[in-house]
Structure formats: C-alpha cells, structure tokens
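>>> Here's a sequence, model it:
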Amino acid sequence: MSGITDAIKGRTSANNFDTTHVMSDAEIHELVALTNETPTSFNMQNYRVIAVKSPEKKAALKAAAYNQPKVSEAAVTFAIIGKMKGNEALPALIKPMLDAGALDQAAFDGWIGMCNGMYAGNQAFQRDEAIRSGSLAAMTLMYAAHDMGLVSGAMIGFDPAAVAKELHLSEDEIPVMLIAVGKAAEGNWPRKVRRAVADVVSVI
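Next up, the predicted model:
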C-alpha cells in the first residue's frame, strides 16, 4: 500500500490527544510546508495557516470553539484561514514564472485577466473560493499529519466572529476550519463506516 493510500485509508478523526506531547516549531513548519503544496484556483494560494501552540492562546481559542477539549489538549490547533481577493495577490505569485521564461508576457497577462474576470468584484465567489481553498489545505494538512505519525480532528464548531477576533483576522479573511493535531490518547473511536462505492459514484 502506498503512503498516500495508507493516509487515505488510515486517517481517522481524533477527539482524544496526549496532553504531554509537544510539537516543535520545526515540526510545525514541516507540516505546513507539505500543506503549502495544496492546489488552488489559478494558483492564488488564497489561504494561510495559524498554528496555535501556547496554552494561553489555545485556551482563548477553545472558548471561541464552544469549549471543545481537543482545542487545548492537542499539541497544536491549526486555524485554516481563507483569504478573499486572492486574485489581487496572483501577479506577484506567478511573476517568478514570467521572469524565468516559463511564461511569456501574453500567457502571463491572459492568466491574470482570466482570474480577475472570474473573481474581481464578485464577493460571493471570492468567499466560496476562500472556503474551497482552505478546505483543500485542511485535508492536505490532515493527511500530512497522519504521515508524520500524528492524529487530527477537524472542527467547524466555533463562533467565526470570536475566532476572527482572537486571531486578529482582517475583514478579508475567513476562519474556515480548526484542526487539532498531536499524538493520540486512549479512547478514540475507530474509523467510521463509509458508504458503498456504488452509492457514491455514477459512471456516465
């Protein structure tokens, strides 16, 4: 079984974490470096990750997440933040490709133009894309954590305004998901039963 197949089939949502486990900053950066490989529309990379590690910050975030214990019991709780107006950052992100000759000016301008045509001035679509990108990043982070021998538990049970205030988010940023990450403690449920493939797929 390949590593990615093992992660897909082996990862499960955890609620119980070893409270003595500590993740180093180097491990956090390694995990986020893998998360950073997540694909995004037009390569906008319209998300960021906040690693909440200190007991004080975790306690404050826990209060904003309806006091779910895993927020403070996990080694780190990651906040996945979606960013509106991702199209505005795109020119700087893909300019290295232009400078390296991987794109010519026409391709560069066309890429930027198509992206702006889809997202500029369309706040609803920007918000949708911020949540899509953040969700893809969250899944990458959880699979990467599994590959590092860690467990994770994703949460959407939180007060978005309280999380935004606690994490000092800008008005163009959306808290998409919280993900508790660390070593497993006893008492976690086994993997939940999945639907039959025939109930999920249609081949046409």
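>>> now the end-to-end length of stretch 54-72.
9 Å (CA to CA, to the nearest Å).
>>> Provide the contact partners of it at residue level.
Applying CB atoms under 8 Å, 6 or more residues apart in numbering, the contact partners of stretch 54-72 are 14-17, 52, 77, 79, 153, 155, 157-159, 162-163, 165-167, 178, 180. All C-beta atoms are positioned from the backbone trio N, CA, C, and that covers glycine.
>>> now do stretch 118-129
By CB under 8 Å, 6+ apart, stretch 118-129 touches Ser41, Phe42, Met44, Asn46, Gly82, Met84, Lys85, Gly86, Asn87, Ile174.
>>> Ok, stretch 37-53 next?
For stretch 37-53, contacts defined as CB under 8 Å, 6+ apart pick out 23, 28, 32, 35-36, 58, 61, 71, 75-84, 86-87, 89-90, 93-94, 111, 114-115, 118, 129-130, 132-134, 136-137, 140-141, 167, 173, 176.
>>> mind listing the helices for the protein?
Using DSSP state H, the helices of the chain run over residues 3-10, 25-35, 55-64, 69-73, 86-99, 105-119, 123-147, 160-166.
>>> Need those in a markdown table (columns: distance to Pro190 and mean pLDDT).
Shown next, in a markdown table, are the helices of the chain (distance: least, CB to CB, whole Å; pLDDT from 0 to 100):
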| stretch | distance to Pro190 | mean pLDDT |
| --- | --- | --- |
| helix 3-10 | 11 | 90 |
| helix 25-35 | 24 | 98 |
| helix 55-64 | 26 | 98 |
| helix 69-73 | 17 | 98 |
| helix 86-99 | 38 | 98 |
| helix 105-119 | 42 | 98 |
| helix 123-147 | 15 | 97 |
| helix 160-166 | 30 | 98 |
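>>> and of the ones you listed, who's closest to Ala198?
Ala198 lies closest, by CB to CB, to one member of the helices of the chain: helix 3-10, at 18.4 Å.
>>> So for that closest one, what gets flagged as buried?
Within helix 3-10, the residues that count as buried by 16 or more other CB atoms under 10 Å are Ala7.
>>> roughly how far out does it sit from the chain middle?
Put simply, helix 3-10 sits 18 Å off its chain's centre (CA atoms, centre = their mean, to the nearest Å).
>>> and it, what does it pack onto?
helix 123-147 (3 or more CB pairs under 8 Å, 6 or more residues apart in numbering; DSSP states H and E).
>>> Spatially central, which residue of the protein would that be?
Ala138 (2.8 Å; CA atoms, centre = their mean).
>>> Would you show me how to pick out the buried ones of the contacts of stretch 54-72 in ChimeraX?
Selecting only the buried entries of those in ChimeraX, with 16+ other CB under 10 Å as the criterion:
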select :14,15,16,17,52,77,79,153,155,158,162,163,166,167,178,180
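>>> Mark which of the contacts of stretch 54-72 are part of strands, please.
Counting by DSSP state E, the contacts of stretch 54-72 place Val52, Thr77, Ala79, Gly153, Met155, Leu178, Ala180 in strands.
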